[in-house]
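A.B. asks: Sequence plus the predicted model coming up.
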Amino acid sequence: NWNIAKDDCFSQPNGGTRSFITQQVPSLAPTRFGAPVSFNGSITQPVRTITTDYVVTNFDRMIFADTTAGGITIYLPSATTTAGRELIIQRVVSGANPLTVQAYTGETVEGSGSVTLSAAGDTITIISNGSDFKGTSTK
(Lines give C-alpha, C1' and ligand atoms only; values in the text may rest on other atoms or scores of the structure.)
Protein backbone atom coordinates (compact mmCIF):
# COMPACT_ATOMS: atom_id res chain seq x y z
CA ASN A 1 0.00 0.00 0.00
CA TRP A 2 1.25 3.49 -0.78
CA ASN A 3 1.08 6.20 1.91
CA ILE A 4 0.91 9.50 0.03
CA ALA A 5 1.26 11.59 3.20
CA LYS A 6 4.55 9.93 4.19
CA ASP A 7 5.68 9.10 0.64
CA ASP A 8 6.38 5.45 1.46
CA CYS A 9 5.04 1.96 0.96
CA PHE A 10 3.88 -0.44 3.66
CA SER A 11 2.54 -3.97 3.80
CA GLN A 12 -0.67 -4.87 5.54
CA PRO A 13 -2.22 -8.23 6.54
CA ASN A 14 -5.05 -9.45 4.32
CA GLY A 15 -8.42 -8.21 5.50
CA GLY A 16 -6.92 -5.49 7.71
CA THR A 17 -7.91 -1.88 7.68
CA ARG A 18 -5.69 1.15 8.17
CA SER A 19 -6.02 4.89 7.76
CA PHE A 20 -2.95 6.16 5.95
CA ILE A 21 -2.50 9.14 8.26
CA THR A 22 -3.99 8.53 11.72
CA GLN A 23 -3.18 4.92 12.69
CA GLN A 24 0.10 3.26 13.53
CA VAL A 25 2.09 1.23 11.04
CA PRO A 26 0.67 -2.33 10.79
CA SER A 27 2.44 -5.23 12.48
CA LEU A 28 4.24 -6.16 9.25
CA ALA A 29 7.35 -4.08 8.61
CA PRO A 30 7.17 -1.33 5.96
CA THR A 31 8.53 -2.17 2.55
CA ARG A 32 10.37 0.42 0.50
CA PHE A 33 11.15 0.31 -3.20
CA GLY A 34 14.64 0.92 -4.55
CA ALA A 35 16.59 -1.61 -2.49
CA PRO A 36 19.20 -3.58 -4.43
CA VAL A 37 18.14 -6.97 -5.73
CA SER A 38 20.55 -9.89 -5.57
CA PHE A 39 20.20 -13.12 -7.53
CA ASN A 40 22.29 -16.05 -6.38
CA GLY A 41 21.22 -18.34 -9.19
CA SER A 42 20.31 -18.24 -12.84
CA ILE A 43 17.12 -16.74 -14.21
CA THR A 44 15.08 -18.89 -16.57
CA GLN A 45 13.11 -17.47 -19.48
CA PRO A 46 10.12 -19.04 -21.24
CA VAL A 47 11.39 -20.84 -24.36
CA ARG A 48 9.27 -22.23 -27.19
CA THR A 49 10.29 -24.21 -30.27
CA ILE A 50 7.90 -24.03 -33.22
CA THR A 51 7.64 -25.84 -36.58
CA THR A 52 4.56 -24.12 -38.07
CA ASP A 53 3.06 -20.62 -38.27
CA TYR A 54 2.67 -19.16 -34.80
CA VAL A 55 0.94 -16.27 -33.01
CA VAL A 56 3.04 -14.88 -30.13
CA THR A 57 1.33 -15.16 -26.72
CA ASN A 58 1.83 -13.28 -23.45
CA PHE A 59 3.93 -16.19 -22.17
CA ASP A 60 6.56 -16.12 -24.93
CA ARG A 61 10.02 -14.65 -24.44
CA MET A 62 12.34 -16.70 -26.65
CA ILE A 63 11.12 -18.51 -29.77
CA PHE A 64 13.20 -20.97 -31.75
CA ALA A 65 11.82 -21.70 -35.22
CA ASP A 66 12.61 -24.98 -37.00
CA THR A 67 11.82 -24.39 -40.68
CA THR A 68 12.79 -27.90 -41.85
CA ALA A 69 9.24 -28.79 -42.94
CA GLY A 70 8.47 -25.41 -44.56
CA GLY A 71 8.45 -21.65 -44.19
CA ILE A 72 7.10 -20.23 -40.95
CA THR A 73 5.45 -16.91 -40.17
CA ILE A 74 5.48 -15.60 -36.60
CA TYR A 75 2.74 -13.05 -35.94
CA LEU A 76 3.63 -10.39 -33.37
CA PRO A 77 1.11 -8.97 -30.89
CA SER A 78 0.16 -5.31 -31.06
CA ALA A 79 3.05 -3.13 -29.93
CA THR A 80 0.58 -0.63 -28.48
CA THR A 81 -0.61 -3.13 -25.86
CA THR A 82 2.82 -4.61 -25.09
CA ALA A 83 5.05 -1.57 -24.43
CA GLY A 84 8.41 -2.62 -23.00
CA ARG A 85 8.00 -6.25 -24.05
CA GLU A 86 11.13 -7.93 -25.39
CA LEU A 87 11.16 -10.94 -27.71
CA ILE A 88 14.06 -12.97 -29.04
CA ILE A 89 13.36 -15.03 -32.16
CA GLN A 90 15.88 -17.35 -33.83
CA ARG A 91 15.83 -19.55 -36.93
CA VAL A 92 17.57 -22.74 -35.84
CA VAL A 93 18.06 -24.75 -39.06
CA SER A 94 19.56 -24.11 -42.49
CA GLY A 95 17.73 -24.68 -45.76
CA ALA A 96 15.56 -22.87 -48.26
CA ASN A 97 12.53 -22.32 -46.04
CA PRO A 98 12.36 -18.78 -44.59
CA LEU A 99 11.22 -17.52 -41.20
CA THR A 100 9.09 -14.36 -41.40
CA VAL A 101 8.40 -12.16 -38.38
CA GLN A 102 5.18 -10.29 -39.20
CA ALA A 103 4.20 -7.04 -37.45
CA TYR A 104 0.66 -6.45 -36.24
CA THR A 105 -1.61 -4.72 -38.78
CA GLY A 106 -0.56 -1.08 -39.25
CA GLU A 107 2.60 -1.46 -37.15
CA THR A 108 6.22 -2.22 -38.00
CA VAL A 109 9.04 -4.43 -36.85
CA GLU A 110 12.44 -2.79 -37.37
CA GLY A 111 10.79 -0.22 -39.64
CA SER A 112 9.08 -2.69 -41.97
CA GLY A 113 5.86 -4.69 -42.06
CA SER A 114 7.90 -7.89 -41.69
CA VAL A 115 11.43 -9.19 -41.32
CA THR A 116 12.69 -12.40 -42.94
CA LEU A 117 15.36 -14.58 -41.35
CA SER A 118 16.82 -16.86 -44.01
CA ALA A 119 19.84 -18.64 -42.52
CA ALA A 120 20.43 -20.91 -39.55
CA GLY A 121 21.31 -18.86 -36.50
CA ASP A 122 19.67 -15.65 -37.78
CA THR A 123 18.27 -13.95 -34.68
CA ILE A 124 16.12 -10.91 -34.04
CA THR A 125 15.78 -9.21 -30.65
CA ILE A 126 12.93 -6.71 -30.54
CA ILE A 127 11.28 -4.51 -27.93
CA SER A 128 7.92 -2.77 -28.17
CA ASN A 129 8.18 1.00 -27.77
CA GLY A 130 4.40 1.33 -27.47
CA SER A 131 3.79 1.89 -31.18
CA ASP A 132 6.17 -0.49 -33.04
CA PHE A 133 8.78 -3.16 -32.38
CA LYS A 134 12.37 -1.89 -32.53
CA GLY A 135 15.55 -3.86 -32.17
CA THR A 136 18.41 -5.59 -33.84
CA SER A 137 18.83 -8.64 -35.99
CA THR A 138 21.93 -10.69 -36.58
CA LYS A 139 22.20 -12.38 -39.92
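C.D. replies: Arrived safely, thanks for sending.

A.B. asks: A strand includes residue 105, no?
C.D. replies: No: according to DSSP: H, G, I helix; E, B strand; the rest coil, residue 105 belongs to no strand; its state is coil.

A.B. asks: And residue 54, how far from residue 131?
C.D. replies: Distance of residue 54 to residue 131, computed by Cβ to Cβ, to the nearest Å: 23 Å. Every residue, glycine included, has its C-beta placed from N, CA and C.

A.B. asks: More neighbours: those two, which one.
C.D. replies: Neighbour totals were compared for residue 54 and residue 131, and residue 54 leads with 16 against 13 (other Cβ atoms under 10 Å).

A.B. asks: Need the phi and psi values for the more buried one.
C.D. replies: When read as degrees, to the nearest 10, the backbone of residue 54 gives phi -150, psi 140.

A.B. asks: Start the count at 451 instead of 1 going forward.
C.D. replies: With the count now opening at 451, the last piece we talked about shows up as residue 504.

A.B. asks: Enumerate the beta-bridge partners assigned to it.
C.D. replies: residue 524 (DSSP bridges).

A.B. asks: surely it meets residue 517?
C.D. replies: No: contact criterion Cβ atoms under 8 Å: residue 504 and residue 517 do not qualify, at 11.7 Å.
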